[in-house]
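*Asks:* Mind folding the following:
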Amino acid sequence: MTTADRPPELDDILLRVGHLNYAWTNTESLLIHLIAGLCRVDKDTALIVFLTLNTTRARLDLVERLAKMERTSVAEREGVLAITKRIQSLSGLRNRYNHCIYAFDPEGGQHRTILMRIADRRDHLRMGQVNVLDSIALTDIEEAIAELRAINRAIWTHVGEFKYPV
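*Replies:* Numbering: from 1, shown residues only. A predicted model of the protein is given here:
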């Protein structure tokens with residue numbers, strides 16, 4: 001078995017998941033500035049609104065709805081909606097690594113996640129979806145972290161362009 005064939009070490013996986021969480025939280029907190037700009041309020045007021053909404057989904061819904069108001073210019077709306085779409089595109093991957101149990105083989109076998117979610121289908125339930133933690137999974141996480149950095153920069157550019165409160 002070559003080094004490339006070996007499953008990643010659990011510490012490597014957890015380090016990357018931690019970095020993903022840090023990048024996600026940091027980027028999500030920038031929604032405060034979008035809320036402030038779109039609501040035309042100061043940052044402290046936007047912070048209260050942000051913290052009152054306790055899920056990413058609720059925060060993104062609010063930002064999108066504010067952007068779709070008639071008073072929002074087309075350029076401003078398009079910029080915000082492009083940003084929220086990019087964030088949403090990463091939420092599935094983030095949820096996969098935050099709402100799971102990490103399973104590992106003490107004998108050096110393949111690490112995996114077991115999703116802690118019930119999928120309620122028409123006539124049955126699905127639960128415990130298993131995902132292998134291999135080099136492909138690590139690459140996906142690293143790409144998500146890079147995309148979050150890019151989204152972060154896009155938000156700051158938008159905030160500056162439309163002179164939102166900082």
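
*Asks:* just the strands in this structure please.
*Replies:* Here the chain has its strands, by DSSP state E, at 100-103, 111-115, 118-120, 125-127, 130-133.

*Asks:* would you list the ones you listed in JSON lines and tack on mean neighbour count and distance to Ser91?
*Replies:* Placement of C-beta: from N, CA and C, glycine included. Formatted as JSON lines, the strands of the chain follow (neighbours: other CB atoms under 10 Å; distance: least, CB to CB, whole Å):
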{"stretch": "strand 100-103", "mean neighbour count": "14", "distance to Ser91": "14"}
{"stretch": "strand 111-115", "mean neighbour count": "18", "distance to Ser91": "14"}
{"stretch": "strand 118-120", "mean neighbour count": "10", "distance to Ser91": "16"}
{"stretch": "strand 125-127", "mean neighbour count": "10", "distance to Ser91": "19"}
{"stretch": "strand 130-133", "mean neighbour count": "15", "distance to Ser91": "16"}
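
*Asks:* got the ones you listed as a markdown table, with mean pLDDT and distance to Asp44 columns?
*Replies:* Shown next, in a markdown table, are the strands of the chain (pLDDT from 0 to 100; distance: least, CB to CB, whole Å):
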| stretch | mean pLDDT | distance to Asp44 |
| --- | --- | --- |
| strand 100-103 | 89 | 36 |
| strand 111-115 | 87 | 38 |
| strand 118-120 | 83 | 39 |
| strand 125-127 | 85 | 42 |
| strand 130-133 | 88 | 40 |
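
*Asks:* Which one of those lies nearest to Asp61?
*Replies:* Minimum separation from Asp61 across the strands of the chain (CB to CB) falls at strand 118-120, 21.6 Å.

*Asks:* quick one: least confident helix or strand in this protein?
*Replies:* Sorting the helices and strands of the chain by mean pLDDT, DSSP states H and E puts strand 118-120 at the bottom, at a mean of 83.

*Asks:* No further queries at this time; thank you.
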